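S.K.: All I have is the shape, not the residue letters:
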């Protein structure tokens, strides 16, 4: 396994290096798109990964928000039911 420590000998020690394998068609497709955007393939891949991670974080936050709303709705229903069940004083 590659160590997680930065390599001070590299031009950008804050970045990590990895190998990613693409089939020929995908390599050509995203190469053309990167060229159209005027960026290197590496930047295109990095941006795609960054976007995917951001989407995952958004989905996670959204799921937590939905769960919180559902809990609040359940508490409100319980509160309304208990209020309706109280007998009126005579």
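M.R.: Arrived safely. Predicted, not measured: the structure shown is a model, and the values here were computed from it.
S.K.: Can you pull out the low-pLDDT segments for this protein?
M.R.: For the chain, the stretches with pLDDT under 70 are 1-7, 85-90.
S.K.: And the residue nearest to the spatial centre of it, how close does it get to residue 16?
M.R.: Most central in the chain under Cα atoms, centre = their mean is residue 56, positioned 2.2 Å from the mean C-alpha point. According to Cβ to Cβ, to the nearest Å, residue 56 and residue 16 sit 19 Å apart. Just so you know, the C-beta spots here come from the backbone N, C-alpha and C atoms, and that holds for glycine as well.
S.K.: cool, residue 81 as well?
M.R.: Residue 81 is 55 Å from residue 16, by Cβ to Cβ.
S.K.: Comparing those two, which residue is more hemmed in?
M.R.: residue 16 (13 against 9; other Cβ atoms under 10 Å).
S.K.: The more buried one in helix, strand or coil?
M.R.: coil (DSSP: H, G, I helix; E, B strand; the rest coil).
S.K.: go on, residue 11?
M.R.: coil.
S.K.: Quick check: phi and psi at it.
M.R.: The phi and psi values for residue 11, taken as degrees, to the nearest 10, are phi -60, psi -30.
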